[in-house]
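Novice: have a look at this prediction, sequence included:
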Amino acid sequence: MPIYALGDLTPSIHPDAFVHPDAVVIGDVRIGPQSSVWPGAVLRGDEGYISVGARTSIQDNSVLHTTPEWPTVVGDDCVIGHMVHLEGCTIEAGVLVGNMSVVLHRVIVRTGAIVAANAVVLNDTEVPSRALAVGTPAVIKADRARQSEIDRGVASYVQRTARYKAELRRLDG
């Protein structure tokens, strides 16, 4: 797996985390226990830090980046779907960010919220707890998130992380 220091900026990956060999982690990136980073994902902490909490999945082809002023922080027990772009935002605990979503600068997605697939959450937006952000640009629908959906996603990826850490082996060399 390509894990790079950039000058004095060095990733910190918990030993219980899983980073797929085809993911890229650069610079000031912190990944918590039982979290996972899947193929094609790029976490680039070159301008600010990226923090990924415990039991959080960063799925295939997602990109996490920062701005010089705003880190990207993803809390515990989050599901960051396939092809998601997070940049300079805060994702609190227990959030699901759907496939192909974009969450931009200074956005805060509060605990238990869902960002629907293909949503674009524009700069300076706050998504309240248990709300659903849907559309382009995203519209906030209060108290629409289903915690059971988030919990199932988290549990599935925690199990998958353990399996991949134990069983993944390359066959072509």
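Specialist: Sure, I can see it.

Novice: only C-alpha atoms from now on, for both contacts and neighbour counts.
Specialist: Noted.

Novice: residues in contact with the helix or strand bottoming out on mean pLDDT in the chain?
Specialist: Sorted by mean pLDDT, DSSP states H and E, the helices and strands of the chain end with helix 147-167, the least confident at a mean of 91. Helix 147-167 is contacted from outside by 17-18, 34-36, 55-57, 77-79, 94-96, 112, 130, using C-alpha atoms under 8 Å, 6 or more residues apart in numbering.

Novice: let's see it at 10 Å
Specialist: For helix 147-167, contacts defined as C-alpha atoms under 10 Å, 6 or more residues apart in numbering pick out 16-20, 33-38, 54-59, 76-81, 94-97, 112-114, 130.

Novice: from the residues you listed, list the buried ones, please.
Specialist: Among those, those buried by neighbour count (16 or more other C-alpha atoms under 10 Å) are 16-20, 33-38, 54-59, 76-81, 94-97, 112-114, 130.

Novice: among those, which are in strands?
Specialist: Of these, the ones assigned to strands by DSSP state E are 18-19, 36-37, 57-58, 79-80, 96-97, 114.

Novice: mind putting those into JSON lines with distance to residue 47 and pLDDT?
Specialist: Shown next, in JSON lines, are those (distance: C-alpha to C-alpha, whole Å; pLDDT from 0 to 100):
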{"residue": "18", "distance to residue 47": "24", "pLDDT": "97"}
{"residue": "19", "distance to residue 47": "21", "pLDDT": "98"}
{"residue": "36", "distance to residue 47": "22", "pLDDT": "98"}
{"residue": "37", "distance to residue 47": "20", "pLDDT": "99"}
{"residue": "57", "distance to residue 47": "22", "pLDDT": "98"}
{"residue": "58", "distance to residue 47": "20", "pLDDT": "99"}
{"residue": "79", "distance to residue 47": "24", "pLDDT": "98"}
{"residue": "80", "distance to residue 47": "21", "pLDDT": "99"}
{"residue": "96", "distance to residue 47": "25", "pLDDT": "97"}
{"residue": "97", "distance to residue 47": "23", "pLDDT": "98"}
{"residue": "114", "distance to residue 47": "27", "pLDDT": "97"}
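
Novice: residues contacting the residue nearest to residue 93 when sequence neighbours are not counted?
Specialist: Spatial nearest neighbour of residue 93, chain neighbours left out: residue 75 (4.4 Å); criterion: C-alpha to C-alpha, 6 or more residues apart in numbering. Residue 75 is in contact with 32, 51-56, 90-95, 110-111, counting by C-alpha under 10 Å, 6+ apart.

Novice: and the furthest pair within those?
Specialist: 32 and 110 (19.3 Å; C-alpha to C-alpha).
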